[in-house]
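J.: okay, here's the prediction I keep looking at, along with the sequence it came from:
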Amino acid sequence: AMSDQCGTTHSAGSGAARWGLRLGHTLTALRSVALGSADGENPDSQCTVLICGGAVQQPQDQDQHEVVAEPCSQFRDEAVGWNSGTVVGRLSDSAEYRGHSAVVVNGNIVLFGGVDQNSKPTNSVRVQSLDSPRKTGTVVETLGLKPTPRGQHAAAAVTWCGKSLMIIHGGVDANGTYLLDLCALDLDSMRWLSVGIQSGLDTDYAQSGVPTGRAGHTLSHWGEKLVAFGGGWVDRDSRWCTTAELWALEPMSHGSSAADCEVCLRWTLVPTGHREETFSVPLTEPSPRAFHAAVELPAFLTTESGEEVCSSVLFLGGTSSSGKCLSDAWLLSGSGMAQWVVVGNSPGLVPRARAKHAAALLGCRRARPGRPNFEAEILVYGGEYGDTSGDQIALGDGWELSLRQSEDGSVVCRWATSLSEEDGTPLASPEHTRAVSACLVGGATDGIGFDFYTQALARGPQAWLAADMVCGDRIPRGIVYALGRTFERLDRVASCTHVVTRRIQCDIRAKGLKSVVDTALIHRIDTFVNCIGTFTKCRVDHVVLDALNDHFLVNVTANILLTQTVLGHLSPRFAQILQCGSTLALDAKPGYSLQCATKAALRQFIETVRVEYPAVRVSSVHPSSLNTAIFAKAGDTRDVSHKPPPSVTTSCFTFLLTLPSKVEVPEMVLKNR
C-alpha cells in the first residue's frame, strides 16, 4: 500500500507500483491542468497519465529485453503525492511494443509502430479508447500506402491543411536502416496520405535541406511548427553518432511542391541564438544526444524584456555518442531564432542520469503577483542508465519535477520522488521499509568520501551496519544518500543489486543547508559518515580574515549544522556517526595553522556529541596525508603519490562501523610509517 500526504491509503497492487523497470515506453497526460487560477483559487488539479508499453531488461543478459505485457496503465496526481493507478485496458493483439509513439486525439490514444518481443518492428496503428466504459483497445486497419515498419521514431499530432494528422518521422527499420522519411496519417479517415517535401532528398542533408536518417529523436510543438531535436544513427564505420541539430517542420502550399501530394511540408534547420545569462550557469547549447525526453510547455515563459514566448519545449537527459547517459535539462524558447536556456537544479535530491525514459506535463501556472513568472509540474519515469563502459541498468523510479522561472529570467527545477529506483515500489510502503538500511555520506563526490561511497554501493549495508544488526543471510536493502555539489564522478560507480542511491545536491556553505537535508532525507538514517572538509596551507603570519572565515565555515560551522540536522533523522533502534578528521587535530605542524585549528574544533564538537547522545555510537578517524587531490586543489604542490590511498582509511571506517553495537571505539588515529 502507499499513503499520500492526506493519510489516505491506496492499493499498491497496480498502477505506479506495477510499472516496474521500464524503458522505451510513452507517458501521455490526458489533462494537463492549471495549478491555480489568477485569483489564487485552485481548480480540480487531478491529472491522469497513461504509461504505454515499454520493455524491461533481463538481469541475465543486459542486451535482451522483455516487452511489458501491460500496454496502458494510469497514474493519478492530485497535488498530494503519488496515487496508485489501474490497468486501463488491453489491445486485441497479444504483442506489445517498445520504441513506439503515442498521441491523444478525441478521447483516444493512438499508438504507432514500435518493436515487439522478437525485435521485429511494426507499422500497425493501435487505438485505445479512453471514453468507453471498458476502455478496450483495437488494431486499426488503415487505408493508403503504409509506411515502413519501424521503431524509435518521433511523432506528433497536428491540425494542418485542414486535417487532423499524426506526423511520423525517422526511426529504425528491420534491416537496421535509419529512416529519414515523413509520414502523415489522417486521424479522421485513418488513411495514410502522400507527403511532399519542398526540397529534394539528396544524401547530403546540408544540400538537400532535410535531416539525415535518425532515431531516438523527438518531435514537439513549437509555436505553429513542429521541431525535431537530436537523434542518433550508426555511420558507415559502425560508430554510434548523435546530433544536437534542431529542425523545424511546417506545412506549405501545394504550389511549393508536387501537385499530386496531399500534404506538403518543409524542413528548416533552425539557427540558434545566444543572450547574456542572468544567473550563475553560463548559457551554451545542449550537447548532441538521442533517446532524451521532451515536454511541451504552453506560452507562459517570458523573456528578459517581459515579452511572452510563443511556446517552449523542455528536453531532459538522453545519451551521448560515447554511450554516456546525460542528466542535464534544457529549455528551448524563441520563435524563428532558437534560444537555449540551461535549467539549473535547486539544492536537494536529483535523479540519476538516464535515457529512453518518458515525461509528461502534469500542470502549469501563469505568472501571478508575488509568485515566479512561470511554474510547471512534470512527471518523469523509468529509462536506463549507461556509461562509456557499455553497461546498462534499467530504471523503475518516478520523479516529479517542479519547474520555475524567477523574475530575473533564470529557470530552475526541484526534483521529488517517492518511488524506488529499482522497481517503482513506493518508498513509504511496508514492502520497501521493513528491510531497509540507510546510510548518508557527506562529501561523497571526492577523496575519502568518494572511496567510502564506492564501497557502500559495492557491499551494501554490510559496509555500514553493526554486525549484530544483520540477521544471518538476510541482508537489508540499502539506501545510500550522497551529499555533494556535483555528481558526474558518481555516475561511473556501479552498485550491487540491493542498493539504491539518492543524491542530495547542495553547497554546504549555503544558508538553506538544513532545509535541503530535511526535505531530502525520507528514510531514518542508520549510519552517517561525514568526510566534508577543505584544506589550505597557511602559516600563522599569513592568515587573512577571508581565508579564516571560509575555512571555519566549511570545516567547523557547516559540519556542526549538518550533524545537528542529521541527528533528527537518525534511526531510533541503533544509529552511528563517523566523522573523518585529521591527525592535525592532535599534532600541530608548521604551515597548517587553519587546518590544525578547524580540525581540533570539529574533533571536540564530535566528542561532545558522543557524550550528549549516548544511544548513538560516535567515532572519529584521524588519517595522515593520503594520495588524494585535496592538496593540489589548495595549491599545495607536494608529491603525494607515495602516500597511502584513501581505501586505507575507508577500510578502517568499515571496521569501526561493523563492530557489534555494544562495542565503541571513540577515536582512531592513523599515522603513516
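T.: Perfect, I can see it now.

J.: can you map out the helices along the stretch 201-350 of the chain?
T.: 205-208 (DSSP state H, counting those that start in this stretch).

J.: where does the prediction get shaky in it?
T.: Residues of the stretch 201-350 of the chain that meet the criterion pLDDT under 70 lie in 201-208, 253-259, 272-283, 299-310, 335-337, 348.

J.: which residues in it form strands?
T.: All strands of the stretch 201-350 of the chain, identified by DSSP state E, counting those that start in this stretch, fall at 218-222, 225-229, 232-234, 240-242, 246-251, 263-269, 272-273, 293-297, 312-319, 325-334, 338-342, 344-345, 348-350.

J.: looking at those, which one is packed in the most?
T.: When these are scored by mean count of other CB atoms under 10 Å, the highest mean neighbour count falls to strand 312-319 (a mean of 26). Using the backbone N, CA and C atoms, a C-beta is placed for each residue, glycine as well.

J.: ok, which stretches of the stretch 351-500 of the chain are helices?
T.: 430-433, 447-459.

J.: tell me the most buried of those helices?
T.: Highest mean neighbour count of the helices of the stretch 351-500 of the chain: helix 447-459, a mean of 23 (counted as mean count of other CB under 10 Å).

J.: which strands and helices lie in contact with that helix?
T.: strand 436-442, strand 477-484, strand 499-505, helix 646-657 (3 or more CB pairs under 8 Å, 6 or more residues apart in numbering; DSSP states H and E).

J.: can I get it in PDB, CA atoms only?
T.: The C-alpha coordinates for helix 447-459 follow below in PDB (Å, rounded to 0.1, in the frame of the first residue of the first chain):
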ATOM      1  CA  GLY A 447      38.600  11.900  -1.900                       C
ATOM      2  CA  ILE A 448      37.900   9.700   1.100                       C
ATOM      3  CA  GLY A 449      34.100  10.200   0.900                       C
ATOM      4  CA  PHE A 450      34.000   9.000  -2.700                       C
ATOM      5  CA  ASP A 451      36.000   5.900  -1.800                       C
ATOM      6  CA  PHE A 452      33.600   5.000   1.000                       C
ATOM      7  CA  TYR A 453      30.600   5.700  -1.200                       C
ATOM      8  CA  THR A 454      32.100   3.300  -3.800                       C
ATOM      9  CA  GLN A 455      32.500   0.600  -1.100                       C
ATOM     10  CA  ALA A 456      29.000   1.300   0.200                       C
ATOM     11  CA  LEU A 457      27.500   0.700  -3.200                       C
ATOM     12  CA  ALA A 458      29.600  -2.400  -3.800                       C
ATOM     13  CA  ARG A 459      28.900  -4.100  -0.500                       C
END
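
J.: can you report how many residues neighbour the closest residue in space to residue 219 that isn't next to it in sequence?
T.: Nearest residue to residue 219, sequence neighbours excluded (CB to CB, 6 or more residues apart in numbering): residue 154, at 3.7 Å. Neighbours of residue 154 under the rule other CB atoms under 10 Å: 23.

J.: tell me the pLDDT of residue 154.
T.: On the pLDDT scale, residue 154 is placed at 97.

J.: got the contact list for it?
T.: By CB atoms under 8 Å, 6 or more residues apart in numbering, residue 154 lies in contact with 101, 168, 169, 170, 171, 217, 218, 219, 228, 231.

J.: most neighbours among those, which one is it?
T.: With neighbours taken as other CB under 10 Å, the top of these is residue 171, carrying 34 neighbours.

J.: per-residue pLDDT, that one?
T.: On pLDDT, residue 171 comes in at 97.

J.: that one: what's it in contact with?
T.: 99, 113, 121, 150, 151, 152, 153, 154, 178, 179, 215.

J.: helix or strand for residue 595, which one?
T.: Secondary structure assigned from DSSP states H and E places residue 595 in helix 593-612.

J.: send the alpha carbons of that helix over as CSV?
T.: What follows is helix 593-612 as a C-alpha-only set of coordinates in CSV (Å, rounded to 0.1, in the frame of the first residue of the first chain):
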residue,chain,number,x,y,z
SER,A,593,47.6,26.8,11.2
LEU,A,594,44.0,26.9,9.9
GLN,A,595,43.9,23.2,9.3
CYS,A,596,45.0,22.5,12.9
ALA,A,597,42.6,25.0,14.4
THR,A,598,39.5,23.8,12.5
LYS,A,599,40.1,20.1,12.8
ALA,A,600,40.7,20.4,16.5
ALA,A,601,37.5,22.4,16.9
LEU,A,602,35.5,19.8,15.0
ARG,A,603,37.1,17.0,17.0
GLN,A,604,35.9,18.5,20.2
PHE,A,605,32.4,19.0,18.9
ILE,A,606,32.1,15.4,17.8
GLU,A,607,33.3,14.3,21.2
THR,A,608,30.6,16.4,22.8
VAL,A,609,28.0,14.7,20.5
ARG,A,610,29.2,11.3,21.8
VAL,A,611,28.8,12.4,25.4
GLU,A,612,25.4,14.1,24.9
